[in-house]
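pasting the structure only:
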């Protein structure tokens, strides 16, 4: 590499984790940042998003996306600033979302990038409340849970990037919204800051009893982020004609063998809808959600919270933490200076 | 009772079965058939339908309908002939469907009865292919499975009253249809008479392998009637965006404790739809289905088969048999003479 070359730092997969992923499964690689080819854009990364789905990319067998290969750069959505462009639609200084990679700099086909407005929400919001997690909550709540006024809606991982938006959307429909979160501090936040009607700590000695007490009229809709014991407790309380948005089951993402699940007799008897979904199947929903939610973010009525780790090298540990529920709010890595 | 009174024979619940129900859980009761009050109609029963859902009515805890109480007449849909009427809309000689009970005669509010056409399908068809089982297949296949041409659709209990119609409906859409049935004779019938593309015997030593061989392109829609091992084998082969109509899980209807079910991670990853439904939630679908299917029954293009037990007293044993898959086709009890 020439003396003047910019060094690109990338975190690549070194070996696949059996259970919990950690720094030992990744390694830092440095190379010279290439010039963009025609149609490519080079960005310096400002924010990197850490999300639970990333654990799935570390498995050999993938259900809906290609696994990251050994030696390959780990995937992840970023907000970055354009520093060189081979496409006339982008110029240095533009701030964009859509470049992917645990990298100090990304080289990306221009058609995958979306330019962010010069004035608007904080840049990090485009990876959280105005990004994929927010759009996920929007799709699951409006297309599957579809709460009606006074119905009871339960949201698991309620303080997280997806759950916090899902519950606030349900509140806007007039439903009674009950969160499930890990620990007293998160539960307090879910009620006081996010405005849920109640929140149950999933560490409770008798989760079923506490959830039943919080849902005296049963559960009409469930936004599922965690699986496991929370899922079992919620399913016991589902009402006839209830809807379950199956968004994720983070409690088992580190599992080597998946535990058995619920006997599905209740699905027939109670005419339950279980619908799995992945937001990226409907990419047009992201722009729709941004248009819906931007005013709510601007006026402060859609509350969101970030949990920021500093420096690209902190990404592997951040990922391990999110799978154990250690984060509190949307998990982000600050990779470079934010110009705003 | 007076010398001229007609004797009404009824089968009532004597005690609740722990596992398989049998004649010992029921008893015959005789009393004098009352005259109809105003708005009531008295019918003599011609055909009594035996259906798997009846097992659920014997449980104390019901998911979607009231349990039959000890000493109460067992419930079941019948076709009968009006012999006395307290309602001007019905006269003796009318043939009706909608009276309920394991009884030689039923006294029923007139508004629950539907008069059958004087010329048309055999009367027993209104309890099977043109009745609740047919309408169940229609709803599940057209509203939930929604097969597209060349998709692969699997139907369990494929030779039964519901499954046989479900599969033939799927064939009409141009899908590839694979049945699952119990034993070589039923499998042959499903392929040769019903026209399914393939049929797998659920007694196969390696059900998963046989099903995989019959579904080389995976499974896009599943009409679930049985649960258990068949469900597990089907779920392993579901394609992304597949739909599962959860109609019943007859393999566990005699279970005292329900076994665990599948881990639901696949529902997220494959964006599967699981939808429980019960046909009686949408009573208007029955008339719609009769209008759709009557020409197909008349021209012989919708194949159906009946398994007839003789005499009211055979009903308890017939019910036990249907839960074990002993019936071959729509299970009926001939209670009285059929005038057609």
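Done, it's in. Keep in mind it's a predicted model, so treat the numbers as computed, not measured.

can you list the residues of the stretch 151-300 of chain A near chain B?
Counting by Cβ under 8 Å from any Cβ of the partner chain, the residues of the stretch 151-300 of chain A close to chain B are A:224, A:227, A:231, A:240, A:246-249, A:252, A:258-278, A:281. For every residue, glycine as well, the C-beta is placed using N, CA and C.

from the residues you listed, list just the buried residues.
Buried members of those, counted by 16 or more other Cβ atoms under 10 Å in any protein chain shown: A:224, A:227, A:231, A:240, A:246-249, A:252, A:261-278.

quote the end-to-end distance of stretch A:239-258.
27 Å (Cα to Cα, to the nearest Å).

and that stretch, how far from the chain's centre?
Distance, stretch centre to chain centre, for stretch A:239-258: 15 Å (Cα atoms, centre = their mean, to the nearest Å).

pLDDT on it, on average?
For stretch A:239-258, the mean per-residue pLDDT is 95.

cool, and stretch A:65-73?
The average pLDDT for stretch A:65-73 rounds to 92.

then stretch A:202-218?
Per-residue scores along stretch A:202-218 average to 97.

check what contacts that stretch and list those residues.
Stretch A:202-218 is contacted from outside by A:152, A:154, A:156, A:176, A:178, A:180-183, A:198-201, A:226, A:229-230, A:233-234, A:236-239, A:242, using Cβ atoms under 8 Å, 6 or more residues apart in numbering or on different chains.

let's go with 7 Å and repeat that
Residues from elsewhere that reach stretch A:202-218, judged by Cβ atoms under 7 Å, 6 or more residues apart in numbering or on different chains: A:152, A:154, A:178, A:180-183, A:198, A:200, A:229-230, A:233-234, A:236-239.

from the residues you listed, which land in helices?
A:229, A:230, A:233, A:234, A:236 (DSSP state H).

could you pull out the buried residues of stretch A:148-155?
So stretch A:148-155, judged by 16+ other Cβ under 10 Å, has buried residues A:151, A:152, A:153, A:154, A:155.

and the closest residue to chain B within the stretch 201-340 of chain A, what are its phi and psi?
In the stretch 201-340 of chain A, the residue that lies nearest chain B is residue A:269 (2.8 Å; Cβ to the nearest Cβ). Dihedral angles of residue A:269 (phi, psi; degrees, to the nearest 10) stand at phi -60, psi -40.

can you show me the helices along the stretch 101-250 of chain A?
Remark: helices assigned in the stretch 101-250 of chain A by DSSP state H, counting those that start in this stretch are A:132-139, A:161-172, A:184-192, A:207-214, A:228-236.

which helices and strands does the second one pack with?
In this case it means helix A:161-172. The contact analysis (3 or more Cβ pairs under 7 Å, 6 or more residues apart in numbering or on different chains; DSSP states H and E) places helix A:161-172 against helix A:132-139, strand A:152-156, strand A:176-181.

my guess is residue A:136 contacts residue A:280, does it?
No - between residue A:136 and residue A:280 there is no contact under Cβ atoms under 7 Å: 9.1 Å.

neighbour count for the two, which is higher?
Higher neighbour count among residue A:136 and residue A:280: residue A:136, with 29 against 14, using other Cβ atoms under 10 Å in any protein chain shown.

quick check: closest non-adjacent residue to that one.
residue A:279 (4.3 Å; Cβ to Cβ, 6 or more residues apart in numbering or on different chains).

quick one, domains of chain A?
Listed domain ranges for chain A are A:7-128+A:304-334, A:132-280 (source: automatic domain parsing).

need the contact list for the nearest residue to residue A:163 once chain neighbours are set aside.
In space, and not counting its chain neighbours, residue A:163 is closest to residue A:157: 4.3 Å by Cβ to Cβ, 6+ apart. Contacts for residue A:157 (Cβ under 7 Å, 6+ apart) come out as A:163, A:225, A:226, A:250.

redo that, cut-off 10 Å
Going by Cβ atoms under 10 Å, 6 or more residues apart in numbering or on different chains, residue A:157 touches A:52, A:163-164, A:166, A:179-182, A:186, A:202, A:223-226, A:230, A:247-248, A:250-251, A:322, A:325.

check residue A:82 too.
Residues near residue A:82 by Cβ under 10 Å, 6+ apart: A:36, A:41-44, A:90-96, A:99, A:108, A:110, A:113, A:115.

so which helix or strand takes in it?
strand A:77-85 (DSSP states H and E).

so where is the stretch 51-200 of chain A shaky, pLDDT-wise?
A:62-64 (pLDDT under 70).

what do you get if the cut-off is 80, keeping everything else the same?
Filtered on pLDDT under 80, the stretch 51-200 of chain A yields the residue ranges A:61-65.

thinking again about what came up before, who does the strand holding residue A:82 pair up with?
Sheet neighbours of strand A:77-85, with direction, are listed as strand A:40-49 (antiparallel), strand A:95-100 (antiparallel) (DSSP bridges).

roughly how far out does the lengthiest helix in chain A sit from the chain middle?
Taking DSSP H as the criterion, chain A has its longest helix at helix A:284-298. Taking the mean of its C-alpha atoms, helix A:284-298 sits 16 Å from the chain's own mean (Cα atoms, centre = their mean).

what's the first helix or strand after that helix?
strand A:306-310.

identify each buried residue in that following strand, please.
Using 16+ other Cβ under 10 Å as the test for burial, strand A:306-310 gives A:306, A:307, A:309.

name the nearest residue to residue A:98, sequence neighbours excluded.
Ranked by Cβ to Cβ, 6+ apart and with sequence neighbours excluded, the top spatial neighbour of residue A:98 is residue A:113, at 4.4 Å.

number of nearby residues for the one you found?
Residue A:113: 22 surrounding residues under other Cβ under 10 Å.

which residues touch it?
Residues near residue A:113 by Cβ under 10 Å, 6+ apart: A:41, A:43, A:80, A:82, A:85, A:87, A:89-90, A:94, A:96-99, A:106.

quick revisit: now the phi/psi pair for the residue nearest to residue A:136, please.
Torsion angles, degrees, to the nearest 10, at residue A:279: phi -60, psi -30.

what about it, neighbour count?
Neighbours of residue A:279 (other Cβ under 10 Å): 22.

over to residue A:183?
There are 14 residues near residue A:183, going by other Cβ under 10 Å.

do the same with the one 4 residues further on
Taking other Cβ under 10 Å as the criterion, the count of residues near residue A:187 is 23.

once you drop chain neighbours, what's closest to it?
Of all residues not flanking residue A:187 in the chain, residue A:199 sits nearest, at 4.0 Å (Cβ to Cβ, 6+ apart).

for the one you found, which residues make a bridge with it?
Where residue A:199 sits in a bridge, its partners, by DSSP bridges, are residue A:179.

in contact with residue A:65, which residues are there?
Applying Cβ under 10 Å, 6+ apart to residue A:65 gives the contacts A:53, A:56, A:57, A:75, A:278, A:280, B:269.

so it, which of the three states?
Using DSSP: H, G, I helix; E, B strand; the rest coil, the structure places residue A:65 in coil.

centre of the chain to stretch A:268-279, how far?
Computed by Cα atoms, centre = their mean, the chain-centroid distance of stretch A:268-279 equals 21 Å.

first vs last residue of that stretch, how far apart are they?
Its start and end residues considered, stretch A:268-279 measures 27 Å (Cα to Cα).

equivalent analysis for stretch A:248-260, please.
End to end - Cα to Cα - stretch A:248-260 spans 16 Å.

could you do stretch A:272-286 as well?
27 Å.

sorry, back to before: shared neighbours of residue A:136 and residue A:280, which are they?
A:53, A:286.
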